[in-house]
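Undergrad: Predicted model, plus sequence, below.
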Amino acid sequence: MTRFAKHKKSKKKSIGEDATPWEKLKEPLNEEDQRKEAKRLEKKRKRELKKICFRCRTPGHSMNECTSEICDEQKKKRDIKTGICYKCGSTEHRLKQCTVKGDSFAYATCFICGKQGHWSRLCPDNPNGLYPNGGCCNECGSKQHFKRDCPTLLKKQGIDDQQLPCLTSTTNNIDDNVESIIEKSNKTKKSLKRLKLIIKMKIAIEGCCHGELDRIYETIKQIETEQNIKIDLLLIGGDFQAIRNEHDLQSMAVPPKYRSMQDFWRYYSGEKRAPILTIFIGGNHESSNFLIELPYGGWVASNIYYMGYANVVNYNGLRIAGLSGIYKSHDYNSGHYELPPFDEKTMRSIYHIRSLDVFRIKQLQQGKIDIMLSHDWPRGIVWYGDTQRLLQRKQHFHNDIYANQLGSEPLEEVLLRIQPKYWFSAHLHVKFAALVEHTNGQLTRFLALDKCIPGRDFLQVSLYEKKH
């Protein structure tokens, strides 16, 4: 048993203690711990038995752990080079991006015989190829590829694949690059029927903005400088506070002491320009005077786009859906009846989500949305993550969680209906991650982020790939 495993069982953990002290670890285990330790060792033993040495074909160990004389000789011979193209030997690209014709791999080193010029699956000393336990491709009988990669099967399906080089969305003339690649591929292979283009994007996700645009953009710039990357898109999960003037402040539902012009008015007037494309949804602290003019979304400033009550946008093939506002049952079945000037009631009801907008989002095809943005959390999402850690940070959530009232019931229905690949939220001012596995096997990765305050988890940068 490890020090951390034993410490995990202890409920009375002092703050700052990382593991069980060595003195306590020497104490004899009780009956329950002995049973758990035996179960852990049995699982470890079963995992070891599943290993198969690719050289001597004996189960119970891998090739690096093999003690047979045959493997000892091969270990001395091996000098496998990694990080290069096996066709041309270049370190600037990998095999999939290589344009050299032919099926020879002059720079590949076989880990079975130690010779250079072929892969281990083509090695004459490896008669079983990719099937160490025996077997072959069910389509053509070859042992050098799996059925999913069988050329015979792909030809029957009318597919002739060719992997194209990856492009990033930060390329200056991406349309020109895509066109030139397609033309080159058509000249190389006339029978090409399907092209695969992979666009890689670095996207920053922000929790609650609260008008702190300058601070957010400065943080992104610092990340780009430190990590030598270029972020392509910024998504903001609500409480954007698009305040243009002092009149807009009167339409924002916050106590008077929190009403401040913040940074947006400089971007609206043209004094500043957003350095990165920014897309945001509405929350429960917004400039309702302004956003009511854009119920279906639109540009609020140069390079800053609002998604409206409910909307879907396409960015480089990435489908992003958004639903603004928070859930209140007494306004859910109402229409959008609010008009300026707002009173104390309509100033708050205007940011409550409506059944019509939820219905529109539910019409999206299941599994076809890449990113879903909402200010509120879907109800029940806490049970798919570390609930206890959440309660340690937000103890006042306890009653709502166990009464199943934390989060939005309509958003729970949306989650189960459209099953997006990623879901980002804000509102509760805490970072929380969850993984939802749907009944059909589809996964939704959920992440909620904090508000823009130093020392808080308010920004996340992730890499996304989209195939065309």
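TA: Thanks, I have the structure now.

Undergrad: And residue 275, what's its pLDDT?
TA: pLDDT recorded at residue 275 is 97.

Undergrad: can you list the domain ranges for the protein.
TA: 62-126, 201-467 (automatic domain parsing).

Undergrad: Please identify the deepest-packed of those.
TA: Most buried of these by mean neighbour count (mean count of other Cβ atoms under 10 Å) is domain 201-467; its value is a mean of 18. (Each C-beta comes from the backbone N, C-alpha and C, glycine too.)

Undergrad: Touching, residue 426 and residue 448? I think so.
TA: Yes. The pair residue 426 and residue 448 qualifies as a contact (Cβ atoms under 8 Å) at a distance of 6.4 Å.

Undergrad: Need the overlap of contacts for these two.
TA: residue 207 (Cβ atoms under 8 Å, 6 or more residues apart in numbering).

Undergrad: quick one: least confident helix or strand in this structure?
TA: strand 167-168 (a mean of 36; mean pLDDT, DSSP states H and E).

Undergrad: May I have the beta-bridge partners of the residue nearest to residue 461 when sequence neighbours are not counted?
TA: Spatial nearest neighbour of residue 461, excluding adjacent residues (Cβ to Cβ, 6 or more residues apart in numbering): residue 204 at 5.0 Å. Beta-bridge partners recorded for residue 204 (DSSP bridges): residue 234, residue 461.

Undergrad: Residue 204 reaches residue 230, doesn't it?
TA: No. Between residue 204 and residue 230 there is no contact under Cβ under 8 Å: 11.1 Å.

Undergrad: For the nearest residue to residue 60 once chain neighbours are set aside, grab the count of nearby residues.
TA: Distances taken as Cβ to Cβ, 6+ apart place residue 49 nearest to residue 60, at 5.6 Å, with adjacent residues excluded. Other residues lying near residue 49 total 11 when counted by other Cβ atoms under 10 Å.

Undergrad: Please, which helix or strand holds residue 49?
TA: Using DSSP states H and E, residue 49 sits in helix 31-50.

Undergrad: again with residue 464
TA: Using DSSP H and E, residue 464 falls in strand 459-467.

Undergrad: what's that strand packed up against?
TA: Strand 459-467 is packed against strand 198-206, helix 213-227, with contacts defined by 3 or more Cβ pairs under 8 Å, 6 or more residues apart in numbering; DSSP states H and E.

Undergrad: if you set the cut-off to 6 Å instead, what comes out?
TA: strand 198-206 (3 or more Cβ pairs under 6 Å, 6 or more residues apart in numbering; DSSP states H and E).

Undergrad: the helices in the stretch 301-450 of the chain, which residues?
TA: Taking DSSP state H, counting those that start in this stretch, the helices of the stretch 301-450 of the chain run over residues 346-349, 355-362, 387-393, 398-402, 409-418.

Undergrad: can you give me phi and psi for residue 148?
TA: phi -60, psi -20 (degrees, to the nearest 10).

Undergrad: mean confidence score for the helix holding residue 49?
TA: 85.

Undergrad: now stretch 32-47, how far from the centre of its chain.
TA: 33 Å (Cα atoms, centre = their mean, to the nearest Å).

Undergrad: Then stretch 208-226?
TA: So, by Cα atoms, centre = their mean, the centroid of stretch 208-226 is 20 Å from its chain's centroid.

Undergrad: what does that stretch rub up against?
TA: 204, 206, 231, 236, 239-241, 262-264, 275, 426, 451-452, 459 (Cβ atoms under 6 Å, 6 or more residues apart in numbering).

Undergrad: Of all the domains of the chain, which one is nearest residue 26?
TA: Among the domains of the chain, the nearest to residue 26 by Cβ to Cβ is domain 201-467 (28.8 Å).

Undergrad: Ends of the closest one, what's the gap?
TA: The first and final residues of domain 201-467 sit 11 Å from each other (Cα to Cα, to the nearest Å).

Undergrad: got it, and stretch 103-116?
TA: End-to-end for stretch 103-116, by Cα to Cα: 14 Å.

Undergrad: still on that earlier bit, so the residue nearest to residue 461 is in contact with residue 232, correct?
TA: No. Here residue 204 does not reach residue 232: they are 8.7 Å apart, not a contact under Cβ atoms under 6 Å.

Undergrad: okay, and the common contacts of these two?
TA: Counting by Cβ under 6 Å, 6+ apart, nothing touches both residue 204 and residue 232.
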